[in-house]
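In: Structure of the sequence below:
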Amino acid sequence: MTRLFTCIICPNGCHITAEVLDDQIHKLEGALCLRGEDYVRQELTDPRRTIATSVLVEGGELPLASVRLTGSIPKGEIFPVMEEIKALHFSAPVATGQMAIQNVRGLGSDVIFTKDVRRRTEQPKEE
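Out: Okay, the predicted model is just below:
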């Protein structure tokens, strides 16, 4: 069976054609680097993804702070992980690198902040 892939590992975005028989790759064309071959092998056996999104930060100079996973997770776990992230509410301040969820869903990846959000300061009232 012929399977078509667009590699997402580097900016090349190679269009890769793989001839697959009994879960084995017999022929691979279109990969400009070895990472493309590795990507196709992983997609066939254990497709994984990372997530970058944002969470609510109460009392901050900004209402949201960006977060990301520290490693890839199985593709089928994206929506359950997003539900956990969506339920998060933090109070300002939060800092880049701060842990939001450790070992999310037991998948071996943490959710960390990628943006600092300082506490909102009161503005003096004008008279």
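In: OK, contacts around the residue nearest to the spatial centre of the chain?
Out: Centroid check for the chain by CA atoms, centre = their mean gives I51 as the closest residue, at 1.9 Å. By CB atoms under 8 Å, 6 or more residues apart in numbering, the residues touching I51 are R68, L69, I73, I78, V81, M82, I85. (Each C-beta comes from the backbone N, C-alpha and C, glycine too.)
In: I'd like the distance from the helix of greatest length in the chain to the chain centre, please.
Out: Taking DSSP state H as the criterion, the chain has its longest helix at helix 34-45. Centroid separation between helix 34-45 and its chain, computed with CA atoms, centre = their mean, to the nearest Å, is 18 Å.
In: So which bits of it are buried?
Out: For helix 34-45, burial by neighbour count (16 or more other CB atoms under 10 Å) applies to G36, E37, Y39, V40, E43.
In: just curious, which of these is nearest to I8?
Out: Taking CB to CB as the measure, I8 sits nearest to Y39 out of these, at 7.1 Å.
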